[in-house]
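Visitor: I would like to see how this sequence folds:
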Amino acid sequence: MAYLPIEDYGLIGNMHTAALVGRNGSIDWLCLPHFDSPSVFGRILDEKKGGHFRIAPAIDRGTRKQFYLPETNVLITRFLLGDGVLEVIDYMPVGVIRGDIGFRQLVRRVEVIRGSVPLLVDFCPAFNYGRDAHTVELFDGGAIFRSPKLSLELTTRLPLEVKQECGGVQANLELKQGERATFVMRPLSEKDRGRPVTEEVETNLLQHTVRYWHVWLSKCTYKGRWRETVYRSALVLKLLTFAPTGALVASPTTSLPEAIPGPRNWDYRYTWIRDASFSLYALLRLGFTEEAGAFMKWLEQRCHEREPDGGLKIMYGLHGEHELPEITLDHLEGYKGCQPVRIGNGASDQLQLDIYGELMDSVYLYNKHGAPISYDLWVQLSGLVEWVCKNWRQPDEGIWETRGGKQQFVYSKLMCWVALDRGLRLAEKRSFPHDHARWLRTRDEIYLDVMQHGWNKEMNAFVQHYGSTSLDASNLIMPLVFFMAPNDPRMLGTLDAICRDPSGGGLLSDSLVYRYHTEEFFDGLAGGEGTFNMCTFWLVDALTRAGITDKSRLDQARLIFEKMLGYANHVGLYSEETGNHGEHLGNFPQAFTHLALISAAYNLDNVLGGHNL
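Guide: Residues are numbered from 1 along each chain as shown. The predicted model follows:
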């Protein structure tokens, strides 16, 4: 089997882990028991060694369709064939009691809707990224797979046979209209061992799961334009939540390339302070205060675990791990041959000054729209603001986690200003003790420093770093955090510069935005990359704000937003980047993209409706 395009997958999950289900009926990515655990199915990173679980017609020569049950994360894959229609329903049960038979399971129901369809079931696990051997044992009702660190059980009422070449099992059968078969994969439990899931139980699990998603989404307060698109982004963010700790993974995958071929392959199955902060803001806007509160608790725990120098790590493991060593899996060929395949992330040791601004902004907003923060948290936050006062002049690796050396990035300075500004606002709002004079003086110093060194008069734009003549899309966030007025001539000049075609020095290719020019700024890595989806939505947001006083920019914002919606995949998901031919690149789906979509839709809808931001 050739590699599927990244955009040919849908996502299912249970807020502990998630699986990618291809339009060909194959689950090609699943880590167990958690997002950051080793993979059991990993064919998306190696078509021969990665492992997969496919349910499809024995002769797959028809049309494939895939969609979600409305307002849920239950995925349906349909095969429209000449002699019948086959439907596979995939989901991970949620809304069931821990310890119940529905907890921590993957359920695949296959049913023939019309005609008669010969069916092939192919279950080939590859434990620990394909590094661990395993045994397979058939029993009446399924099979058990044992590896040194994880054992799984596959139950079904259909006869299975061992597939020697992969240590898996397969089934060949023919279903007629109205007939169904169910396959349930779960961690091996002595309590439930050999206990197949009946059709009645499976129907109950599906009903519980659908009801859970409907009840959860009913809490969403957004009723504006593009509501279904916003709902899907919210459902994606919920899937990427790690329920035990409230953390949010940046993406459920690792090492999907940012260019093909290319080495820009990273592990995003961790929680960035930056992402968690932006997600808290997005969820508050949509009315999901419970999830925002869970993220806030996770952030508060990290604030109590400061590094020896008083600062924070830029990212943490799902359980709060501080060390995320980066290694390569050289036995895997990578997606379409793109190596290396990485697990862990070396950027966790970088200095990125912007995280303090994003953190303080999210805490400020949570205190305002969620719940008042505690004094103990304020003690930690004030310590972080003091750290920024001492360290804001340092060069750092910046928001894009470059590996070509530290620079005085404008975005990093900007967010240091945000850290001081929100610290001052929060202290005043809650009458918290703080060094007002120092914080105010430092905030103003940062502002003037950015104006003096980050502004290029000849280019009429803010640049990427001090002394640079290159643009950076991260500066689009200036009006979003109220550093610049959206109609300030300097901001409008920056917008105009970014909106030029790359051939003319800009970053906008039709409606898609590049982060920066990789050929102008050496980021320490070979190869190029696609346009960055989050930055495109940031451009929409910046143009929307400028459009309050200039209708032509509002029209431009809406057109870019509508075009960007066309780059979503068939079930409304976005990866990190978009290639020259509209293909998805980078890890998939990407939380940051969906966060930015929510913000852009929310603000654009408000302004189109005649409301100010």
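
Visitor: near the residue lying closest to Asp435 once chain neighbours are set aside, how many other residues are there?
Guide: The shortest distance from Asp435 to any non-neighbouring residue, by C-beta to C-beta, 6 or more residues apart in numbering, is to Glu386 (7.4 Å). Using the backbone N, CA and C atoms, a C-beta is placed for each residue, glycine as well. Neighbourhood size, Glu386 [other C-beta atoms under 10 Å]: 17.

Visitor: which of the helices or strands spans Glu386?
Guide: Here Glu386, judged by DSSP states H and E, is contained in helix 375-391.

Visitor: return the angle between stretch directions for the helix or strand just after that helix and helix 375-391.
Guide: Following helix 375-391 in sequence order, the next helix or strand is helix 410-430 (DSSP H and E). Helix 410-430 and helix 375-391 are oriented at 140 degrees to each other (axes from the mean of the first three to the mean of the last three C-alpha atoms, to 10 degrees).

Visitor: what are the buried residues along the helix or strand that helix 410-430 is followed by?
Guide: Using DSSP H and E, the next helix or strand after helix 410-430 towards the C-terminus is helix 436-453. For helix 436-453, burial by neighbour count (16 or more other C-beta atoms under 10 Å) applies to 439, 442-443, 445-447, 449-450, 453.

Visitor: how is this structure carved up into domains?
Guide: 6-192, 228-608 (automatic domain parsing).

Visitor: dump these to JSON lines, plus distance to Trp213 and mean pLDDT.
Guide: Shown next, in JSON lines, are the domains of the chain (distance: least, C-beta to C-beta, whole Å; pLDDT from 0 to 100):
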{"stretch": "domain 6-192", "distance to Trp213": "4", "mean pLDDT": "93"}
{"stretch": "domain 228-608", "distance to Trp213": "7", "mean pLDDT": "94"}
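
Visitor: residue ranges for the strands of the stretch 501-613 of the chain, please.
Guide: 508-509, 512-513, 531-532, 577-578, 584-585 (DSSP state E, counting those that start in this stretch).

Visitor: now those strands in JSON lines, with distance to Lys49 and mean neighbour count?
Guide: JSON lines is the format used below for the strands of the stretch 501-613 of the chain (distance: least, C-beta to C-beta, whole Å; neighbours: other C-beta atoms under 10 Å):
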{"stretch": "strand 508-509", "distance to Lys49": "36", "mean neighbour count": "19"}
{"stretch": "strand 512-513", "distance to Lys49": "34", "mean neighbour count": "24"}
{"stretch": "strand 531-532", "distance to Lys49": "31", "mean neighbour count": "26"}
{"stretch": "strand 577-578", "distance to Lys49": "26", "mean neighbour count": "27"}
{"stretch": "strand 584-585", "distance to Lys49": "23", "mean neighbour count": "26"}
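
Visitor: as a check, name the ranges of all strands in the stretch 201-350 of the chain.
Guide: According to DSSP E, counting those that start in this stretch, the strands that the stretch 201-350 of the chain contains are 241-242, 247-248, 271-272, 315-316, 327-328, 342-343.

Visitor: run the chain-centre distance for stretch 499-513.
Guide: 25 Å (C-alpha atoms, centre = their mean, to the nearest Å).

Visitor: and that stretch, how far apart are its ends?
Guide: 8 Å (C-alpha to C-alpha, to the nearest Å).

Visitor: any chance of the domains of the chain in JSON lines, plus distance to Cys220?
Guide: Below are the domains of the chain laid out as JSON lines (distance: least, C-beta to C-beta, whole Å):
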{"stretch": "domain 6-192", "distance to Cys220": "9"}
{"stretch": "domain 228-608", "distance to Cys220": "5"}
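
Visitor: the ones you listed: which one's closest to Tyr212?
Guide: Each of these has some distance to Tyr212 by C-beta to C-beta; the shortest is domain 6-192, at 3.0 Å.

Visitor: re earlier: list of residues touching the helix holding Glu386?
Guide: 300, 303-304, 306, 309-312, 353, 356, 359-360, 363, 373, 416, 419-420, 423, 426-427, 430, 432-435, 438-439, 442 (C-beta atoms under 8 Å, 6 or more residues apart in numbering).

Visitor: in that helix, what's buried?
Guide: Quick answer for helix 375-391 (16+ other C-beta under 10 Å): 377-378, 380-382, 384-389, 391.

Visitor: tell me the one of the residues you listed nearest Met15?
Guide: Minimum separation from Met15 among these (C-beta to C-beta) is found for Leu377, which lies at 24.8 Å.

Visitor: how about the longest strand along the chain: buried residues?
Guide: For the chain, the longest strand by residue count, based on DSSP state E, is strand 106-124. Neighbour counts over strand 106-124 (16+ other C-beta under 10 Å) mark 106-112, 117, 119-124 as buried.

Visitor: now, the most widely separated pair of those residues?
Guide: Among these, Val112 and Cys124 lie farthest apart (C-beta to C-beta), at 23.9 Å.

Visitor: the stretch 1-150 of the chain: helices as residue ranges?
Guide: For the stretch 1-150 of the chain, applying DSSP state H, counting those that start in this stretch gives helices covering 127-130.
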